[in-house]
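# mind folding the following:
(one chain, ligands or ions: 1)
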Amino acid sequence: MSKSYDVVVIGAGPAGYIAAIRAAQHGMTVACIDEWKNFDGKNAFGGTCLNAGCIPSKALLESSELYHRAEHEFKKHGITTGDIGIDVAAMQKRRASIVRQLTGGIAGLFKANKVDGLVGHGKLLAGKKVEFTPVDGDVETIDATHVILASGSAPIELGVAPFDGENIIDSWNALELDAVPQRLGVIGAGVIGLELGSVWARLGAEVTVIEAMDDFLFMADRDVARVAAKDFRKQGLDIKLGARMTSAKVGKKGVTVDYEDKSGAQSIEVDKLIVAVGRRPFTDGLLAEDSGIALDERGFIIVDDECRTRVKGVYAIGDCVRGPMLAHKASEEGVMAADLIAGELAEVNYNVIPSVIYTAPEIAWVGKTEAEVQASGRPYKTGSFPFAANGRAKALEQVSGMVKIIAAEDDDEILGVHIVGPMAGELISEAVLALEFSASTEDLQRTIHAHPSLAEAVHEAALAADRRALNYINK
Ligand SMILES: Cc1cc2nc3c(=O)[nH]c(=O)nc-3n(C[C@H](O)[C@H](O)[C@H](O)COP(=O)(O)OP(=O)(O)OC[C@H]3O[C@@H](n4cnc5c(N)ncnc54)[C@H](O)[C@@H]3O)c2cc1C
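Predicted structure coming up:
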């Protein structure tokens, strides 16, 4: 007799594993199938985020930031040390251990919530049946009342620079390098390219970032992008904008990267080249021909605002569907899909999804940029407050950057908050809550913020929107 479940989830990344747990919390029988295999040959739950994305990148960003601060800031604090060195093997051991703890944690959560975590490949057949090919054992067909597809994404490979896993590498390889490359090239100045470039630059690599767009961080507010570009260049990142790679060839001396910019054809040599030009939805081997699921022209599974596919009872969530490729967006879609299956009302507020870049300084925003508000034609006001005037930032020795708030002129509703500076990724949560509750700058102005804290910069930026900043001269 074939197995059957109320819900079968394919993919155990932040979209799938959260959906599975939430569905089980509703009292449904749930299986979650995942085939992820790490470089050590071991399977692990957690998908890209835990194994090869959010978590390992943040572990390395922290290690490299500490190293950088020890080298450049300790003296100012009066701390003397001997020669400071970096043991890349130890740093990578810590990264791997964090990943192991968290991915192992998902297996524990599955057990506690009575989710059957099935290791192997899942394929959606017609009639809400799922073909499961385990890593060990025979293929079986599972009956499901509901199916949630959460197969994630994969790095985009460029024909002019195919990955070889050694010299021309993707973001996953770049997280597992066992030595600091002397010369590192990064194609793409997006979130992933900047984070990875920062890690290896702080550890001593000469980093060149080649970006086809003319505008740096085109998706961010211009004021924030300006501060960030200046700081990254000061840190030694050589960011070439309006530069399009035409080829990358591996030779004896490393990788020769040819590109074109407004001055014509250019060439550089690097030891490693990270290609971080974006990710594509991953649906390879996921759908039987007669599954009834449709993909759009870019390969995303077509869904409505509630993540329903064209097949009744089949949902798709996370990176394999439209919207920003972010772990927190993926997880919230997982919660929504499970709640809808359980018959509850649920929605994801796609207008209030925070974006964070974990560089130094950190960059975070939520809502609209000033250019977007301007284009909408709605009269607006802005308030900014620099971290240079914030006591906590001074104590941290991290005074670069600012908080900028954009609000409607008529009813004072906050439309966007943009932060570049220390702990921007933490500070943005207050802004996310404010936008979720349609708060005004007056709401933030009248909210007490602890002193001394970085969050006071958010408070002061809200005051500055009405020219009432108290610790800065209003302009
Ligand atoms: C270097 C890097 C850094 C990142 N940093 C951040 C960050 O700081 N913050 C953030 O929000 N996002 C970050 N991201 C993006 C984030 O990782 C993704 O948005 C997130 O992982 C998407 O979750 P998902 O569950 O949709 O897909 P995934 O995490 O990709 O998981 C999909 C899972 O499904 C499995 N699977 C696919 N097909 C099948 C099948 N047919 N059968 C069985 N299993 C299958 C895959 O093996 C995988 O385990 C980063 C990404 C990268 C690469």
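
# please report how far the residue in the stretch 351-475 of the chain that the ligand sits nearest to lies from residue 386.
Proximity of the stretch 351-475 of the chain to the ligand (Cβ to the nearest ligand atom) peaks at residue 358, 6.0 Å away. For every residue, glycine as well, the C-beta is placed using N, CA and C. Distance of residue 358 to residue 386, computed by Cβ to Cβ, to the nearest Å: 21 Å.

# same thing with residue 73?
19 Å.

# ok, those two, which is more surrounded?
Neighbours were counted for residue 73 and for residue 386 using other Cβ atoms under 10 Å; residue 386 has more, 19 against 13.

# report the beta-bridge partners for the more buried one.
Here residue 386 sits in beta bridges with residue 402, going by DSSP bridges.

# thinking again about what came up before, who's in contact with the residue of the stretch 351-475 of the chain closest to the ligand?
Residue 358 makes contact with 57, 58, 61, 195, 425 under the criterion Cβ atoms under 8 Å, 6 or more residues apart in numbering.

# what about the ligand: which of those touch it?
By Cβ under 6 Å from any ligand atom, the members of the contacts of residue 358 lying near the ligand are residue 57.

# let's see which of the contacts of residue 358 end up in helices.
Secondary structure defined by DSSP state H assigns 57, 58, 61, 195, 425 of the contacts of residue 358 to helices.

# contact residues of the stretch 1-150 of the chain facing the ligand?
By Cβ under 6 Å from any ligand atom, the residues of the stretch 1-150 of the chain that approach the ligand are 10-16, 33-36, 47-49, 52-54, 57, 121-122, 150.

# helices of the stretch 201-350 of the chain, residue ranges please.
Counting by DSSP state H, counting those that start in this stretch, the stretch 201-350 of the chain has helices at residues 222-234, 327-341.

# does the ligand sit close to the last one?
This points to helix 327-341. Yes: judged by Cβ under 6 Å from any ligand atom, helix 327-341 and the ligand are in contact via 327, 328, 330.

# who wins on neighbours among those residues?
For those, the largest number of neighbours (other Cβ under 10 Å) sits with residue 330, at 30 neighbours.

# show me what contacts the spatially closest residue to residue 57 that is not a sequence neighbour?
Leaving aside its chain neighbours, residue 57 sits nearest to residue 195 (5.4 Å; criterion: Cβ to Cβ, 6 or more residues apart in numbering). Residue 195 makes contacts with 57, 61, 357, 358, 359, as judged by Cβ under 8 Å, 6+ apart.

# need these in JSON lines (columns: pLDDT).
Converted to JSON lines, the contacts of residue 195 look like this (pLDDT from 0 to 100):
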{"residue": "57", "pLDDT": "97"}
{"residue": "61", "pLDDT": "97"}
{"residue": "357", "pLDDT": "97"}
{"residue": "358", "pLDDT": "96"}
{"residue": "359", "pLDDT": "94"}
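
# now flag whichever of those residues is closest to residue 263.
Nearest to residue 263 among those, counting by Cβ to Cβ, is residue 359 at 27.6 Å.

# which stretches of the chain have low pLDDT?
Low-confidence segments of the chain (pLDDT under 70): 1.

# and the biggest helix by length in it, what does it pack onto?
Longest helix in the chain, counting residues (DSSP H): helix 88-112. Where contact means 3 or more Cβ pairs under 8 Å, 6 or more residues apart in numbering; DSSP states H and E, helix 88-112 is packed against helix 16-25, helix 47-52, helix 54-72, strand 115-124.

# dump these to CSV, plus distance to residue 139 and mean neighbour count.
Converted to CSV, the helices and strands packed on helix 88-112 look like this (distance: least, Cβ to Cβ, whole Å; neighbours: other Cβ atoms under 10 Å):
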stretch, distance to residue 139, mean neighbour count
helix 16-25, 21, 27
helix 47-52, 23, 26
helix 54-72, 32, 18
strand 115-124, 9, 21
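
# quick one: residue 22 and residue 340 touch, right?
No: contact criterion Cβ atoms under 8 Å: residue 22 and residue 340 do not qualify, at 10.6 Å.
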